[in-house]
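Asks: Got a predicted structure plus its sequence, pasted below:
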Amino acid sequence: MYKRFRVKEKIIEGALFLSALSSVFVTFGIIAVLFFETYEFFKEVSIIDFLIDTQWTPLFAEKHFGILPLFAGTFLSTAIAMAVSLPIGLISAIYLSEYASEKLRTAIKPILEVLAAVPTVVYGYFALLFVTPILQKLVSGLSGFNSLSPGIVMGIMIIPIIASLSEDAMHAVPMSLREGALALGSTKFQVSIKVVLPAAFSGIAASFILGVSRAVGETMIVAIAAGQQPRLTLNPLVPIETVTAYIVQVSLGDTPTGTIEYKTIFAAGMSLFVVTFFLNMISYWLKKRFREEYE
Amino acid sequence: MDIAFKIEKLNNFYGNKHALKQVSFDIPAKSVTAIIGPSGCGKSTFIRCLNRMNDLIPVFKLDGRILYDGTDIYSKDIDVIDLRRRIGMVFQKPNPFPKSIYENIAYGLKIQGINKREVLDKTVEESLKKAAIWDEVKERLNDSALSLSGGQQQRLCIARAIAVEPEVILFDEPCSALDPIATAKIEDLIIKLKIDYTVVIVTHNMQQAARVSDQTAFFYIGEMIEYDKTDKMFTNPSNKLTEDYVTGRFG
């Protein structure tokens, strides 16, 4: 009956705690390295130049360190990807959640998730060798490398994310709301668009932002099919370079450790991290709000 | 008195389950008809036949006829959307849309293509007044409907149903999620509503049926056992089962 000290329990608890802690440590380790190298970078390059210079040429003889062209590339390819994935993803979600039979829904959902598991390098070559040639026949003046084709393919890649998460959000809208709307003489379409969609808005917005942060972080597709020319442009027909593609380019080259070229990838990575971090924060906040609404 | 609904040999099935058996009776217009009975007796199934809400359930089957205003509402050429606009419904749990109070009421008009601000303003005010909630919300029409209390939400749902000018309002246990004070308010409202509307209310609360209704139907395991004036049902029922139920011997 007296209190006993159970050694095994304590050991297990400790082991579990350490495992949980390790992932936190790794994350902090990565951030610390990123911070440190970025700090080193900004010792040599002024942060003002970094933010407002319109050229990014760290690998050339005449070096410029303006991150804007890289972010323009990222922004452009992301915008194209979202223009493709948001409408198609949403329409799929509406169909699956409101129109499809339960049988079809449960059959299609896992297939959607498999689509999300296709390696991105496959999508990259799909963009370069299949989509770009087709687009070149349709759009005159389209370069072999451009942001349009990888943007579209990235959009296709992101459709399942938008569709699946939005569908979850719409499916979680209580049946009683649909009944209430139907009882007022709504058509099924009116129920979907005017009641379910707004009620699931925060979940849908979260899926959108998750899609954006996936597009912003996407590397292989743009590295393969968008070309590697940092360019401050919003023209989808010409070669560009995204932040991620630049990091790949430098990492794969023979840039010596400790040089300024080497440090640029940390600065670029840090900027990217800040952007995706905020996007994820917004998405997390939206999802939380969405959960609170019906509990 | 005019007949609103004429129910003829109504049978309902959920898959193989025979939920309603050979139910026949008439529901008069501009009065309150209560449906009582213990849980699982088919009273909710029944009321959901009247605006074809059961259509949403894939395994649901119906046999027999329900005539509304002389028309078979389950006949093939009936537009269910229009039917539901004419026969409104208030549900067990208040289900306001996660929109503003104003938008909740305006919704029913907007889906009909009515977008004129003056018309909407007028309908919102009138509907909220009829549902006896105007004074409580007139200062905050743009607040979320979810910020209201349960009883207020339910009256808002009644106002929402009224806004589309239905002929009938169906109440499916409208007070089961409410406290006694909120319940009393809804009951007062139901009694007032019968001046303009045909009201059918399902309730497991016998006192409520006695208080608000003009006639009462007693359902038991899918059958309608007895249907009569409410006074008679509660003081001098013809059937032994009815008597046992209204005196609280079971249920």
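Replies: That came through, no problem.
Asks: now residue 214, nearest residue through space, not along the chain?
Replies: You didn't pick a chain, so chain A it is. Excluding the flanking residues, the one nearest residue A:214 by C-beta to C-beta, 6 or more residues apart in numbering or on different chains is residue A:158, at 5.7 Å. All C-beta spots, glycine's among them, are computed from the backbone N, C-alpha and C.
Asks: my bad, the chain I had in mind was chain B
Replies: Leaving aside its chain neighbours, residue B:214 sits nearest to residue B:31 (4.3 Å; criterion: C-beta to C-beta, 6+ apart).
Asks: Verify the stated contact: that neighbour with residue B:198.
Replies: Yes: the pair residue B:31 and residue B:198 passes the contact test of C-beta atoms under 8 Å, sitting 6.9 Å apart.
Asks: Out of the two, name the residue with the larger neighbour count.
Replies: When neighbours are counted by other C-beta atoms under 10 Å in any protein chain shown, residue B:31 and residue B:198 differ, and residue B:198 comes out ahead with 26 against 18.
Asks: Touching, the more buried one and residue B:27? I think so.
Replies: Yes: Residue B:198 is in contact with residue B:27 according to C-beta under 8 Å; the separation is 7.0 Å.
Asks: Overlap of the contact sets of the two?
Replies: Between them, residue B:198 and residue B:27 have B:4, B:5, B:33 as joint contacts when contacts are counted by C-beta atoms under 8 Å, 6 or more residues apart in numbering or on different chains.
Asks: and the closest residue to residue A:154 other than its chain neighbours, what element?
Replies: For residue A:154, ignoring the flanking residues on the chain, the nearest one in space by C-beta to C-beta, 6+ apart is residue A:81 at 3.8 Å. When elements are assigned from DSSP states H and E, residue A:81 belongs to helix A:68-94.
Asks: Quick one: mean pLDDT for the next helix or strand after that helix?
Replies: Next helix or strand after helix A:68-94 toward the C-terminus (DSSP H and E): helix A:102-115. Rounded to a whole number, the mean pLDDT of helix A:102-115 is 87.
Asks: same thing with stretch B:46-63?
Replies: In the prediction, stretch B:46-63 has an average pLDDT of 93.
Asks: Wondering if it reaches chain A at all.
Replies: Yes: between stretch B:46-63 and chain A, judged by C-beta under 8 Å from any C-beta of the partner chain, the touching residues are B:51, B:53, B:56, B:58.
Asks: Roughly how far does residue B:108 sit from chain A?
Replies: Shown here: residue B:108 relative to chain A, a distance of 4 Å by C-beta to the nearest C-beta, to the nearest Å.
Asks: Over to residue B:78?
Replies: Note on residue B:78: its distance to chain A, by C-beta to the nearest C-beta, is 13 Å.
Asks: Isn't that residue up against residue B:69?
Replies: No: counting by C-beta under 8 Å, residue B:78 stays clear of residue B:69, with 11.5 Å between them.
Asks: how about low-confidence regions in the chain?
Replies: Went with chain A since none was named. Per-residue confidence for chain A (pLDDT under 70) gives these ranges: A:290-295.
Asks: actually chain B
Replies: For chain B, the stretches flagged by pLDDT under 70 are B:1, B:251.
Asks: Show me what from it comes close to chain A.
Replies: B:51, B:53, B:56, B:58, B:81-86, B:88-89, B:91, B:93, B:95-99, B:107-108, B:110-112, B:146, B:157, B:160-161, B:164.
Asks: Of those residues, which belong to strands?
Replies: Judged by DSSP state E, the subset of the residues of chain B next to chain A located in strands is B:88, B:89.
Asks: Could you turn the buried ones of the residues of chain B next to chain A into a ChimeraX selection?
Replies: A single ChimeraX command is used to select the members of these judged buried by 16 or more other C-beta atoms under 10 Å in any protein chain shown:
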select /B:51,53,81,83,84,85,86,88,89,91,93,95,96,97,98,99,107,108,111,146,157,160,161,164
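Asks: would you put the C-alpha positions of stretch A:272-288 in PDB?
Replies: Provided in PDB are the C-alpha atoms of stretch A:272-288 (Å, rounded to 0.1, in the frame of the first residue of the first chain):
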ATOM      1  CA  LEU A 272      12.400  31.900 -47.300                       C
ATOM      2  CA  PHE A 273      12.100  30.500 -43.800                       C
ATOM      3  CA  VAL A 274      10.700  33.800 -42.500                       C
ATOM      4  CA  VAL A 275       8.100  33.800 -45.300                       C
ATOM      5  CA  THR A 276       6.900  30.200 -44.900                       C
ATOM      6  CA  PHE A 277       7.000  30.600 -41.100                       C
ATOM      7  CA  PHE A 278       4.500  33.400 -41.200                       C
ATOM      8  CA  LEU A 279       2.400  31.600 -43.700                       C
ATOM      9  CA  ASN A 280       2.300  28.600 -41.500                       C
ATOM     10  CA  MET A 281       1.500  30.800 -38.500                       C
ATOM     11  CA  ILE A 282      -1.500  32.200 -40.400                       C
ATOM     12  CA  SER A 283      -2.600  28.800 -41.500                       C
ATOM     13  CA  TYR A 284      -2.400  27.500 -37.900                       C
ATOM     14  CA  TRP A 285      -4.300  30.400 -36.500                       C
ATOM     15  CA  LEU A 286      -7.000  30.000 -39.200                       C
ATOM     16  CA  LYS A 287      -7.300  26.300 -38.500                       C
ATOM     17  CA  LYS A 288      -7.700  26.900 -34.800                       C
END
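Asks: I appreciate the help and will end here.
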